[in-house]
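After the sequence you'll find the predicted model.
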Amino acid sequence: MGEIGDGSVIEGRNAVMEAFRSGRPVDRLYIQDGCHDGPVLSIKREAQKQSAMIKYVEKERLDQMSETGRHQGVIAVTAAYEYASVEDILQAAEEKKEPPFLILLDNIEDPHNLGAIIRTANLAGAHGVIIPKNRAVGLTSTVARTSAGALNYTPVAKVTNLGKTIEDLKKQGLWFVCADMEGTPMYRLDLKGPVGLVIGSEGEGVSRLVKEKCDLSAAIPMRGNIDSLNASVAAGVLAYEIVRQRLN
C-alpha cells in the first residue's frame with residue numbers, strides 16, 4: 001500500500017478485487033495494456049459497477065506506480081472519503097425543509113480547487129456537490145485537507161454523465177445556472193428556488209454539452225485586467241449571490 005496521485009494505492013489482482021467487493025470507494029483503476037484475461041475482466045466489471053475511472057496504461061507506467069513490484073497488471077487508487085448518491089443530497093435538502101441547492105463541477109482537476117469549493121458549499125448552505133467520473137479529481141487526501149473538515153458534513157456524489165444528471169434533476173423540479181463570462185450579469189438573474197450551480201475549470205469553463213443543458217448563464221462582473229477568476233473563487237462569488245437572494 002502506498003500513495004500516488006494523493007490517493008491510497010492497492011496492487012495485485014486479489015487485493016484490488018477484494019477492495020471492490022468490500023465496497024471501498026475506488027476512484028481510478030489502472031489496467032496494463034493487453035490484459036484481457038478472465039480475472040482482469042472480472043475486476044473491470046466491478047470497477048464499472050462503482051463507476052470508477054478505468055485507464056489502460058503501459059507496463060512501464062504500472063512498474064513506476066508499484067511499490068511491491070507485484071501489481072499483476074492492475075492497480076487501484078482509492079478515495080479518501082466515501083461518495084454519497086445524488087438521492088442522498090436531495091434527501092438532505094428535504095430533511096432541512098429547504099429548496100435544494102446543489103453545486104455541480106465540470107472539468108475541475110485541481111484538488112485544491114475541489115477542496116475549497118466543498119468548503120464554500122458547506123458555508124453557503126449548499127446541500128451537496130456533484131462531480132463527474134471522468135476528467136475530474138476525486139476525493140483525495142489533499143481535497144479533504146483543503147476542505148477544512150467540510151467533507152465530513154457536505155456530501156459529494158460522483159456521476160457518470162453530468163449532462164444526464166442535470167436532465168434527471170430537472171424532472172425533479174431543479175433548474176440550472178452555469179458560470180459563463182458571456183452570460184447575463186448575476187445580479188440581474190433570479191437565482192432563488194431549487195437550483196443547481198454549475199462551475200467549470202478556469203481554463204476551459206463549462207463544457208458545451210453541459211452548458212446546453214443549463215437554463216441560464218451567469219457572469220460575474222469584473223473590472224480588472226485579467227479575464228477570469230480561479231474556479232473556487234468564482235464558485236464562492238456565485239454561491240453567495242444565491243445565499244443573498246435566498247435571505248432576501
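That came through fine.

elements contacting the helix ranked longest in the chain?
In the chain, assigned by DSSP state H, the helix with the most residues is helix 231-247. If you count contacts as 3 or more CB pairs under 8 Å, 6 or more residues apart in numbering; DSSP states H and E, helix 231-247 packs onto strand 101-106, helix 111-123, strand 175-185, strand 195-200. All C-beta spots, glycine's among them, are computed from the backbone N, C-alpha and C.

just the ones you listed: most buried one?
Ranked by mean neighbour count, the helices and strands packed on helix 231-247 are led by strand 101-106 with a mean of 26 (mean count of other CB atoms under 10 Å).

now for it, which elements pack on it?
With contacts defined as 3+ CB pairs under 8 Å, 6+ apart, strand 101-106 has these neighbours: helix 111-123, strand 128-132, helix 162-170, strand 195-200, helix 231-247.

ok, back up a step: would you mind checking the average pLDDT for the longest helix of the chain?
Mean per-residue pLDDT for helix 231-247: 95.

So for that helix, what gets flagged as buried?
231-239, 241-243, 245-246 (16 or more other CB atoms under 10 Å).

any idea how far that helix is from the chain center?
18 Å (CA atoms, centre = their mean, to the nearest Å).

and that helix with strand 195-200, angle?
On the basis of axes from the mean of the first three to the mean of the last three CA atoms, to 10 degrees, helix 231-247 is oriented at 160 degrees to strand 195-200.

if we can go back for a sec, out of the helices and strands packed on strand 101-106, which gets nearest to Q91?
Within the helices and strands packed on strand 101-106, the stretch nearest Q91 is strand 128-132; the backing value is 9.6 Å (CB to CB).

That closest one - contacts with which helices or strands?
Judged by 3+ CB pairs under 8 Å, 6+ apart, the packing partners of strand 128-132 are helix 86-95, strand 101-106, helix 111-123, strand 156-159, helix 162-170.

hmm, who's touching the second one?
Think strand 101-106. 89, 93, 114, 117, 121, 124-132, 136, 162, 165-166, 169, 174, 176, 194-201, 206-207, 210, 231, 235, 239, 242, 246 (CB atoms under 8 Å, 6 or more residues apart in numbering).
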